[in-house]
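In: all I have is the shape, not the residue letters:
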């Protein structure tokens, strides 16, 4: 997550090119939205016992369990000819790229036509502590009406960052047991809701497909929809240094701090996983 925010900062300074990153998490982790309180949303002690890290992401939205999933992130200019425009326009275009990529795996995915305003309300009211995948926002990716990819977008000065979680298997259902403030009956209810309203690639006929294969398909989908040449690239020394500095700053910030020094551990693991699934720059 520190890498993604560092890329945004570098882009805002004028030194940038559009970037698609694809990565997995080791160990599994919950990411909370940048405006959320981890202590108020997540059972930190149970996460510790389960071996699940907790981190804060620079985008908004509700808690997401990164387990049996592939995370994507896109950094581009706000006035990018292909991906720029309003929040809705960018979300739709990125959704089209994801749908095209998933089609290469034989997945018949569609974009949801729900309300952006309704999704924002669901994320901020009394139900803000329920799982992200229990509801679907406009332009998110679904299969037969069930959410497969959850996404969140944030605008920095002149720069767009969009994160998303592509579910590979059913482990995301375990998030219900890692949230606080839910009575036993409520956990049962929300697990049923989550199971009914979400799906994963294994359930869509892609059991056994690796995260690397999914990553390659997604990158090909972006290339097809955008008419762009995707060029695999590792983080530069400048990007790595910026991410390291940002991680240390976050670690020292009591308003941002989360247990287990997860941000600092995450970056090497993230890049190791991404080496299989790939980071691509659009040219």
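Out: Yep, that arrived. Worth saying up front: this structure is predicted, and the values here are computed from it rather than measured.

In: okay, buried residues for stretch 82-101 please.
Out: Within stretch 82-101, the residues scored as buried using 16 or more other C-beta atoms under 10 Å are 82-83, 85, 90-91, 93-101. To be clear about C-beta, it is placed using only N, CA and C from the backbone, and glycine gets the same treatment.

In: for residue 204, which residues are in contact?
Out: 107, 143, 148 (C-beta atoms under 8 Å, 6 or more residues apart in numbering).

In: adding distance to residue 228, neighbour count and pLDDT, write those out as CSV.
Out: Output for these, formatted as CSV (distance: C-beta to C-beta, whole Å; neighbours: other C-beta atoms under 10 Å; pLDDT from 0 to 100):
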residue, distance to residue 228, neighbour count, pLDDT
107, 22, 20, 97
143, 26, 21, 97
148, 23, 26, 97
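
In: now tabulate those in a markdown table and tack on secondary structure and distance to residue 41.
Out: Formatted as a markdown table, the contacts of residue 204 follow (DSSP: H, G, I helix; E, B strand; the rest coil; distance: C-beta to C-beta, whole Å):
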| residue | secondary structure | distance to residue 41 |
| --- | --- | --- |
| 107 | coil | 31 |
| 143 | strand | 28 |
| 148 | strand | 23 |
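
In: of those residues, closest to residue 240?
Out: Of all the contacts of residue 204, residue 240 sits closest to residue 148, with 31.8 Å by C-beta to C-beta.

In: residue 32 versus that closest one, what's the distance?
Out: Computed as C-beta to C-beta, to the nearest Å, the residue 148 to residue 32 distance reads 21 Å.

In: tell me which element the residue in the chain sticking out farthest from the centre is part of?
Out: Distance from the C-alpha centroid of the chain, by C-alpha atoms, centre = their mean, peaks at residue 185 (28.6 Å). Here residue 185 sits within helix 184-197, counting by DSSP states H and E.

In: over to residue 92?
Out: Per DSSP H and E, residue 92 falls inside helix 87-103.

In: how about the strands in the chain?
Out: Using DSSP state E, the strands of the chain run over 19-23, 29-32, 53-56, 64-66, 69-77, 110-111, 141-143, 146-156, 159-167, 230-232, 279-282.
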